[in-house]
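Visitor: Predicted model and sequence below, questions to follow.
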Amino acid sequence: PIFLWNKNTLNQIDGYRHLAFGLFFGILLSLAFYNLLLLITIRDKTYLYYVCYILSFCFFFLFVYGYAGYLFRSFINKFHFQLMPFFAILTSVFALLFTRRFLNAKIFSPTLYKLYQYFIWIGAILLLSAFLLPVDIIVILANLHPLVAIGFVISSCIIAVKNKYKPAIYFIIAWSGLLLSVILYILSNLTIIPANFFTHYLQILGVTFEAILLSLALGYRINDLKSREEETRQEALRQEIASRE
């Protein structure tokens with residue numbers, strides 16, 4: 001959307017905008033750094049995928065809102081319109097890798113796990129095509145790939161809940177707001193619904209809350225895995241004592 005302001009109003013709104021984005025990028029980078037430290041400590045690939053997901057999302061927003069061109073002008077100007085869909089697809093790929101592992105898709109639904117693999121490979125091919133295909137085509141594909149990925153996330157959530165996997169509840173709460181905002185953003189990009197201030201900036205709020213809640217969900221997942229391992233050890237010990245008796 002285009003807005004017409006006088007100079008003073010523009011400077012004031014621009015100042016608020018830069019402050020808000022500074023807080024937004026600061027939160028994302030802080031969460032990425034925090035989970036990177038947990039990755040080094042715990043050595044769980046789930047944290048690796050989450051860190052990559054957060055960083056790729058961060059770069060995507062840097063391009064969408066013009067900060068990448070300001071920070072890396074000499075390099076970015078030549079590939080700006082290719083790098084924006086590139087990071088959109090990259091974010092989608094890491095979101096799939098993270099969701100698949102966090103919600104134990106391999107255990108709960110091997111068939112869905114294989115479909116994940118195929119779609120991730122499609123994303124990898126699109127990443128390579130981002131610099132080869134015409135911009136208008138790769139932009140459409142960069143909107144469609146995350147849209148389909150949302151279907152995978154929702155399917156995994158339903159399956160995990162049916163299997164009474166407790167961390168899935170926290171995952172659903174974290175993703176629900178983001179999924180709605182991303183769907184509205186993509187639909188406005190594809191001109192299916194009209195673009196406005198709400199559809200353009202809602203995902204900023206959705207990403208912030210999702211990133212924070214997912215960090216909490218990761219911590220809960222580790223505790224849940226530890227409790228399950230402890231229950232398994234206790235059950236094995238009881239069986240061993242019973243067999244001896």
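Guide: Right, received. Where do you want to start?
Visitor: Could you use CA atoms for every contact and neighbour count after this?
Guide: OK.
Visitor: Can you get me a residue count around residue 205?
Guide: Residue 205 sits with 13 neighbouring residues when counted by other C-alpha atoms under 10 Å.
Visitor: What does it show for phi and psi?
Guide: Main-chain dihedrals, residue 205, degrees, to the nearest 10: phi -70, psi -40.
Visitor: Go ahead and flag the most central residue of the chain.
Guide: Among the residues of the chain, the one closest to the centroid is residue 95, at 4.4 Å (C-alpha atoms, centre = their mean).
Visitor: What segments of this protein are helices?
Guide: Applying DSSP state H to the chain gives helices spanning 7-42, 45-64, 67-71, 73-102, 105-108, 110-129, 135-162, 167-189, 197-244.
Visitor: Would you mind extracting the C-alpha trace of the third one into PDB?
Guide: The reference is to helix 67-71. The C-alpha trace of helix 67-71 is given here as PDB (Å, rounded to 0.1, in the frame of the first residue of the first chain):
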ATOM      1  CA  TYR A  67      17.100  -3.100   5.100                       C
ATOM      2  CA  ALA A  68      19.300  -5.500   3.100                       C
ATOM      3  CA  GLY A  69      19.700  -3.100   0.300                       C
ATOM      4  CA  TYR A  70      20.800  -0.400   2.800                       C
ATOM      5  CA  LEU A  71      23.200  -2.700   4.700                       C
END
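Visitor: Show me what it is packed against.
Guide: Applying 3 or more C-alpha pairs under 8 Å, 6 or more residues apart in numbering; DSSP states H and E, one finds that helix 67-71 contacts helix 45-64, helix 73-102.
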